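>>> fold the following, please.
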Amino acid sequence: MISLPYSKNKRYLSGIDWFLCGLDHSLKALTGSGNLFSVALELEGFCDAGPLKENLEKYFAGYPLLVGKPSRCWNLAPYWKIPKNPCISWGFKQHQLDEGLSFDRTLEALSLGVNTAFSRDDEHVRVSLFTLRQKSYLVFVFDHRLFDARGAEMFIAGLQAHFEGKPVTAAQPREPAHLDRWADKFLAGQRVNRFFIKFRQKGRASGFDLPRLVGARRSRFKVLSLSLEETDRVIKNADARAGYLLLMPFALAASIRSTARLFAKQGISRTHCLVPVTIDTRSRAKVGKEMFFNHASFMFFGFEAGDIKDFSGLIAKASRQFYDMVQSGLSRDIKDAAMLMRIAPLRFLARFLKLSLNEQTASLAFSYNGDGVYAEKEFFGHKVLNLMHLPRVPVPPGLGIFFTRFGGRLNLVVSYLDGLVDDADVAVLAEDIKKELLQG
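Numbers count the residues shown, from 1 in each chain. Reported below is the predicted structural model:
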């Protein structure tokens, strides 16, 4: 088996890392901003920016990766290049919110940072503090090339540990180039291709026809935070309807059912839906330990128009597809096959992926992050009321539905491209999903 040499001192990018670099490149070209996401901490009381900024500066200084950027090694494998004399660059802004502002208007202010491109290619984190007299919001904007959802929560938890004087491990990760196992990767690619044949044969899936993009386009958000009682009810419904610990397929079925109603209202009547679902691939032993880069893969769910009418059948189909993909190892095959894509330049990567699906695009993006790794009850002496993920939506499809949990409560986040659909329709969509989850 041929194994090409590589440097043992570099952090080489995985195929999924490279795919997300390609998505970042595409989003910058289409919308003016890259593949960014926010994590917003809702804090009780007024937060003083002085001590916060001082601790941020010291904490950031321990991570030279924060000023790295993608590059290619002599063996053509992409890696994360860190300058010899790194100077950590990060942004911090403070804003005063108007008292009495509605939550939706507050959310518009909080999403300003995630809709603003980083000023340089070696800047990967931005922090903003929004204050009221009795409440504060601390918003972190992360570059998805360097962080995934759980990694971002680990980074914030590390900042809290630093503030409390606890030792923080800042060792820089290393990763082999994985220039080996060529036969396994090609076989994985063949299995992935066979899986997608059924989608290619059906033609284009239901979804929004994206408007012509002129200049920067922002992502907008609708967030519903369920109470502890509501969350407990949803979990019981999921256990009863989908199976024990199958909240993800249950939430996906509810989201598809509600989104189909939105599509029907918009006059979109294609015969099937295609939904990519992001999943975390960290082992139990590595949850809470792998902070940087993307430890994820994907599952792809398909539904026919007739499936939407019967919620029980829709849930069963989502659960069955989930079991089948776990059993077949699809997400592992996607990770292995993606390693072969690293040879493609970023400007060609998005186009190649689109062609490989025969111009097929997703109906919506979906993820269920489950229990996050940030479980702190306080941040810098302030009670943490909520933690919300606000990801920029991929374009296409321009619509994403994301579930996260904090403090035992579910957060439902709808992310959508500005101008694609009316805010009122998105509000109806979010409430409809919630209704389906609670009714079971």
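>>> and the strand or helix carrying residue 20, what's its mean pLDDT?
According to DSSP states H and E, residue 20 maps onto helix 15-31. Average pLDDT, helix 15-31: 91.
>>> quick one: buried residues of that helix?
Under the neighbour-count criterion of 16 or more other Cβ atoms under 10 Å, helix 15-31 has 15-28, 30-31 buried. The C-beta positions use only the backbone N, C-alpha and C, and glycine is treated the same way.
>>> stretch 234-244 now?
Neighbour-count burial for stretch 234-244 [16+ other Cβ under 10 Å]: 234-235, 237-238, 241-243.
>>> next one: stretch 106-123
So stretch 106-123, judged by 16+ other Cβ under 10 Å, has buried residues 106-107, 109-116, 118, 122-123.
>>> how far does that stretch sit from the chain's center?
Its chain's C-alpha centre and that of stretch 106-123 lie 15 Å apart, by Cα atoms, centre = their mean, to the nearest Å.
>>> okay, now the closest residue to residue 182 other than its chain neighbours: neighbour count?
If the residues on either side of it in the chain are set aside, residue 182 comes closest to residue 2, at 6.6 Å by Cβ to Cβ, 6 or more residues apart in numbering. Burial of residue 2 is recorded as 8 neighbouring residues (other Cβ atoms under 10 Å).
>>> isn't residue 2 up against residue 183?
No - at 9.9 Å, residue 2 does not count as touching residue 183 under the criterion of Cβ atoms under 8 Å.
>>> need the overlap of contacts for those two.
The overlap between the contact sets of residue 2 and residue 183 (Cβ atoms under 8 Å, 6 or more residues apart in numbering) is empty.
>>> just to be sure, which of the buried residues of stretch 234-244 are found in helices?
234-235, 237-238, 241 (DSSP state H).
>>> now the residues you listed in a markdown table, with distance to residue 131 and pLDDT?
Output for these, formatted as a markdown table (distance: Cβ to Cβ, whole Å; pLDDT from 0 to 100):
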| residue | distance to residue 131 | pLDDT |
| --- | --- | --- |
| 234 | 33 | 97 |
| 235 | 34 | 96 |
| 237 | 38 | 96 |
| 238 | 37 | 96 |
| 241 | 43 | 94 |
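>>> show me which of those is closest to residue 425.
Within those, the smallest distance to residue 425 is 23.0 Å, found for residue 234 (Cβ to Cβ).
>>> show me the contacts for that closest one.
226, 247, 250-251, 410, 437-438, 440.
>>> would JSON lines of these with distance to residue 144 be doable?
Supplementary listing: those in JSON lines, determined by distance: Cβ to Cβ, whole Å:
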{"residue": "226", "distance to residue 144": "26"}
{"residue": "247", "distance to residue 144": "24"}
{"residue": "250", "distance to residue 144": "27"}
{"residue": "251", "distance to residue 144": "22"}
{"residue": "410", "distance to residue 144": "23"}
{"residue": "437", "distance to residue 144": "27"}
{"residue": "438", "distance to residue 144": "31"}
{"residue": "440", "distance to residue 144": "33"}
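>>> of those, buried ones?
226, 247, 250-251, 410, 437, 440.
>>> specify which member of those is nearest to residue 280.
Among these, and counting by Cβ to Cβ, the member closest to residue 280 is residue 247, at 14.1 Å.
>>> please name the nearest non-neighbouring residue to the closest one.
residue 238 is the one closest to residue 247 (Cβ to Cβ, 6+ apart), at 4.3 Å.
>>> ok, that neighbour to residue 181 distance?
37 Å (Cβ to Cβ, to the nearest Å).
>>> same check on residue 196?
22 Å.
>>> what pLDDT does the model give residue 216?
pLDDT, read off for residue 216, is 63.
>>> for the remainder of this discussion, apply numbering that starts at 666.
OK, 666 is where the count begins now, so the last one is residue 881.
>>> what mean pLDDT would you report for the top helix by length along the chain?
Counting residues, the longest helix found in the chain (DSSP H) is helix 847-867. For helix 847-867, mean pLDDT is 90.
>>> okay, buried residues for that helix please.
Going by 16+ other Cβ under 10 Å, helix 847-867 has these buried residues: 850, 853-854, 856-857, 864, 867.
>>> same check on stretch 993-1001?
So stretch 993-1001, judged by 16+ other Cβ under 10 Å, has buried residues 995-996, 998-1001.
>>> and the helices in the protein?
Using DSSP H, helices in the chain cover 680-696, 714-725, 768-775, 814-828, 847-867, 893-906, 912-930, 976-993, 995-1003, 1011-1021, 1088-1104.
>>> let me have these in CSV, adding distance to residue 957 as columns.
As requested, those are exported to CSV (distance: least, Cβ to Cβ, whole Å):
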stretch, distance to residue 957
helix 680-696, 10
helix 714-725, 13
helix 768-775, 24
helix 814-828, 6
helix 847-867, 23
helix 893-906, 30
helix 912-930, 25
helix 976-993, 26
helix 995-1003, 17
helix 1011-1021, 20
helix 1088-1104, 32
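>>> closest to residue 942 out of these?
Smallest distance to residue 942 across the helices of the chain (Cβ to Cβ): 6.7 Å, for helix 912-930.
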